[in-house]
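Undergrad: Pasting the sequence and the predicted model now:
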Amino acid sequence: MAGARPLEGEVGGRAVEVGIRAGDALVVLAQMLGPRTASHWAYSKQWLDIGCRPMHIPSMSLEKDPRRMRLLADPLAIRAMAHPVRLDLQSLLGREGPMTAADAARRLGISQALASHHLRQLAKYDFVEPAPGKDNRERPWRLVSTSQSWRDAASTPEGAAAADVLEQLLAERALERLSQWQQDRTTEDTVWRENSGIGQSGFYLTSDELAELVTQIDALLQRYVDERPIDDKSTRPPGSRHVSITQIVTITPEEQ
């Protein structure tokens, strides 16, 4: 990965493969955490931040506002979200604010009927809701929450299966964004190119150390989540761009 140095570590514990995949850009957290620190990270906390373009995943979000953050336990709701058009619609509403089905359809290049159908399905499971319009004829939609977590879904077989479907979709979309970024980055400024792409490291951690690592990374990201809500354009500084991070952590099975 341009600008990123693979890092290694070995302590008592299990092998952990850690990576950060980004769509529009990948933030190299090694530069913030310091040398010899596990930096290429992801974690199956299953947080989904609506601001991905086009969406997520997981997400990741550290929202504290209970209205903006939603814990998903219903497998039907998780499966309802696991659709490319619905993820795109949530992402669009997160970036641009309330929008009618007609406007959303134009932005996504789909029919108004299709956009209306998927917005109604999202509303059925409380992902979006009607927003005040300029007049009685205008019927915009807005997000109910800007972040979702399905961390407890695995407690039931149905929930685990639904979460697997959603996570597979999010991973596929992250790879699509990576492919698009690889095509676009040749014309980008050096600072964007050097801090984007994909990186991977493998090392041994105990479960407590892995939890501590994730907590440290969360703390770094918390500043931007608090200061720049994804759906508040006024908080975006000049020159800022949307950065999409998809977190992935895999644990190697214990040797018998």
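TA: Happy to help now that I have it.

Undergrad: Could you tell me the backbone phi and psi angles at Thr100?
TA: With angles defined as degrees, to the nearest 10, Thr100 sits at phi -80, psi 160.

Undergrad: Who are the contact partners of the closest residue to it other than its chain neighbours?
TA: Setting aside the residues directly before and after it, Thr100 is nearest to Pro140 in space (CB to CB, 6 or more residues apart in numbering), at 4.9 Å. To be clear about C-beta, it is placed using only N, CA and C from the backbone, and glycine gets the same treatment. With contact set as CB atoms under 8 Å, 6 or more residues apart in numbering, Pro140 has these partners: 98-100, 103, 130-133.

Undergrad: let's see 10 Å
TA: 93, 97-104, 128, 130-134 (CB atoms under 10 Å, 6 or more residues apart in numbering).

Undergrad: For Gln90, see how far away Tyr224 is.
TA: 20 Å (CB to CB, to the nearest Å).

Undergrad: Have a look at the two and say which one is more surrounded.
TA: Set Tyr224 next to Gln90 and count neighbours by other CB atoms under 10 Å: Gln90 wins out with 28 against 15.

Undergrad: Remind me what the strand or helix carrying the more buried one packs against, helices and strands.
TA: Gln90 is located in helix 84-96, with elements delineated by DSSP states H and E. When contacts are defined as 3 or more CB pairs under 10 Å, 6 or more residues apart in numbering; DSSP states H and E, helix 84-96 packs onto strand 47-49, helix 75-81, strand 99-100, helix 101-108, helix 112-124, strand 128-130, strand 140-143, helix 157-184.

Undergrad: if you set the cut-off to 6 Å instead, what comes out?
TA: helix 101-108, helix 112-124 (3 or more CB pairs under 6 Å, 6 or more residues apart in numbering; DSSP states H and E).

Undergrad: Whichever of the contacts of Pro140 end up buried, select them in PyMOL.
TA: Here is the PyMOL command that selects the buried residues among the contacts of Pro140 (16 or more other CB atoms under 10 Å):
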select buried, resi 93+98+99+100+101+103+104+128+131
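
Undergrad: Go through the contacts of Pro140 and name the one nearest Leu76.
TA: Nearest to Leu76 among the contacts of Pro140, counting by CB to CB, is Val128 at 16.2 Å.

Undergrad: Check His46 and give its pLDDT.
TA: I think there's a mix-up here, since residue 46 is Gln and not His. Among the per-residue scores, Gln46 holds a pLDDT of 43.

Undergrad: How about Glu63?
TA: At Glu63, the pLDDT recorded in the model is 45.

Undergrad: Could you give the number of residues near Ser207?
TA: With neighbours defined by other CB under 10 Å, the count for Ser207 comes to 11.

Undergrad: Tell me the confidence at it?
TA: Ser207 is assigned a pLDDT of 93 by the prediction.

Undergrad: Kindly report the same for Glu188.
TA: We have a pLDDT of 93 for Glu188.

Undergrad: do the same with the one 3 residues further on
TA: Each residue has a pLDDT score; the one for Val191 is 93.

Undergrad: Next one: it from Gly109, what distance?
TA: To Gly109, Val191 is 31 Å away according to CB to CB.

Undergrad: Now Ala154: closest residue in space, sequence neighbours ignored.
TA: The shortest distance from Ala154 to any non-neighbouring residue, by CB to CB, 6+ apart, is to Ala160 (4.4 Å).
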